[in-house]
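Peer 1: sequence below, structure please.
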Amino acid sequence: MSAIRSSGIQGEVVWLDGRFVDWSDATVPILTHTLHYGLGVFEGIRCYRTSDERSAVFRLGDHIRRLFESAHINLIEIPFSRDEIESVCLETLRRNRLDEGYIRPIVFIGDGEMGLNPGSNAIRAAVIAWPWGKYLGEEGVEGGIRAKVSTFSRHYLNAKMTKGKTCGDYVNSILAKREALLDGYDEAILLDGDGLVSEASGENIFVVRDGALCTPPLHTVLDGITRATVIEIARDKGLRVVERSLTRDELYIADEIFLTGTAAEVTPIREVDHRVIGGGARGPVTNLLQSAFFDVVAGRDSKYERWLTYL
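Peer 2: Down below sits the predicted model:
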């Protein structure tokens, strides 16, 4: 039996299969099918402390919708409703006394049958919450990070289902991330099966060139919720957003590059493969969108209030 842990931080309680249990009791059998074969789905969601001292979960409904869509893609039937999982996410924050933090709903296949066919194994669900700061570091958010184009390619169409946020898919991302770190970089950028820019190990990517904001089309990348957020904010601010294929060398000559994701939020890239990007620091477009994003999640922009679910 192994307890559910995260980043060395232990919370107070975990919601597991319909009830709250002490963190140390949130255990799974060693023959849990997902542990061996990777078929499960999950989400990463953030709760922010807002400017009026309340707490709000960002785009909770969109995240839970994607969780259920990922499960459907993978022929997994979640034994709880969307409303139940949304309510549990909020209650998990309350019970762990978190006014801001990271929420991880996960749906996985339990023990029973082994082998690639899970048969009638129970579908299990958990929600965990813990404090989590800037994924790529405060310095990275401010000054930008260094990235390398990975030797590992992004999963491609029909090799797996690219619209699902599936546990086992992230082995590929882990390999790319570890390679980048071992080579002295902060993050990896993966190309797709055609050699075009796809995304980072856990983030979507945007390129600024001649005033236009460009990002790879959805058929090669995860439909990121922060990605969609930034696109909407950018268009509302009058920026031209183009979803199109990007070549590797377009990264090198970009005016600006930044990453988006629930964990990474909006993080600039200052260097790719030893090529300095733009001025080697966070650029004006990135700064504009980053500031706007943090205003939204802090509740300082009433135009996007619909994206906040308050505790």
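Peer 1: all strands for the stretch 201-311 of the chain, in order.
Peer 2: Assigned by DSSP state E, counting those that start in this stretch, the strands in the stretch 201-311 of the chain fall at 204-209, 212-215, 240-243, 256-261, 265-272, 275-276, 308-310.
Peer 1: L75 should be in a strand, yeah?
Peer 2: No. If the criterion is DSSP: H, G, I helix; E, B strand; the rest coil, then L75 is coil and not within a strand.
Peer 1: contacting residues for it?
Peer 2: Under the criterion of CB atoms under 8 Å, 6 or more residues apart in numbering, L75 has no neighbours. To be clear about C-beta, it is placed using only N, CA and C from the backbone, and glycine gets the same treatment.
Peer 1: same thing with G38?
Peer 2: Contacts of G38 (CB under 8 Å, 6+ apart): 166-169, 171.
Peer 1: check W15 too.
Peer 2: Residues in contact with W15 (CB under 8 Å, 6+ apart) are 21, 88, 91-92, 126-128.
Peer 1: CA atoms of the helix or strand encompassing it as CSV?
Peer 2: Using DSSP states H and E, W15 sits in strand 13-16. Taking Å, rounded to 0.1, in the frame of the first residue of the first chain, the C-alpha atoms of strand 13-16 are listed here in CSV:
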residue,chain,number,x,y,z
VAL,A,13,-7.4,15.1,4.0
VAL,A,14,-8.0,13.6,0.6
TRP,A,15,-11.3,12.8,-1.1
LEU,A,16,-11.2,9.2,-2.2
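Peer 1: pLDDT (mean, whole number) over it?
Peer 2: For strand 13-16, mean pLDDT is 98.
Peer 1: give me the sheet partners of it and which way each runs.
Peer 2: If you go by DSSP bridges, strand 13-16 pairs up with strand 19-22 (antiparallel), strand 123-130 (antiparallel).
Peer 1: that older thread, any idea which of the strands of the stretch 201-311 of the chain is most buried?
Peer 2: A comparison of these by mean neighbour count, using mean count of other CB atoms under 10 Å, puts strand 256-261 on top with a mean of 28.
Peer 1: chain center to that one: distance?
Peer 2: 13 Å (CA atoms, centre = their mean, to the nearest Å).
Peer 1: which strands or helices does it pack on?
Peer 2: Where contact means 3 or more CB pairs under 8 Å, 6 or more residues apart in numbering; DSSP states H and E, strand 256-261 is packed against strand 204-209, helix 225-236, strand 265-272, helix 284-297.
Peer 1: just the angle between that strand and strand 204-209, please?
Peer 2: 160 degrees (axes from the mean of the first three to the mean of the last three CA atoms, to 10 degrees).
Peer 1: keeping just the C-alphas, turn strand 256-261 into PDB.
Peer 2: C-alpha atoms of strand 256-261 as PDB (Å, rounded to 0.1, in the frame of the first residue of the first chain):
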ATOM      1  CA  GLU A 256       9.000  36.800 -27.900                       C
ATOM      2  CA  ILE A 257       8.000  33.300 -26.800                       C
ATOM      3  CA  PHE A 258       6.000  32.300 -23.800                       C
ATOM      4  CA  LEU A 259       4.400  29.200 -22.300                       C
ATOM      5  CA  THR A 260       0.900  28.800 -20.800                       C
ATOM      6  CA  GLY A 261      -0.500  26.200 -18.500                       C
END
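Peer 1: tell me what angle it forms with helix 284-297.
Peer 2: Using the same axes, to 10 degrees: strand 256-261 against helix 284-297 is 20 degrees.
Peer 1: name the residues that touch strand 256-261?
Peer 2: 135-136, 145, 147, 187, 200, 202-208, 224, 226-227, 229-230, 251, 266-269, 272, 277-278, 282-286, 289-290.
Peer 1: which of the contacts of W15 count as buried?
Peer 2: Neighbour-count burial (16 or more other CB atoms under 10 Å) applied to those gives 88, 91-92, 126-128.
Peer 1: any chance of JSON lines for the residues you listed, columns pLDDT and distance to A71?
Peer 2: Formatted as JSON lines, the buried ones among the contacts of W15 follow (pLDDT from 0 to 100; distance: CB to CB, whole Å):
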{"residue": "V88", "pLDDT": "98", "distance to A71": "15"}
{"residue": "E91", "pLDDT": "98", "distance to A71": "21"}
{"residue": "T92", "pLDDT": "98", "distance to A71": "19"}
{"residue": "A126", "pLDDT": "98", "distance to A71": "14"}
{"residue": "V127", "pLDDT": "98", "distance to A71": "14"}
{"residue": "I128", "pLDDT": "97", "distance to A71": "17"}
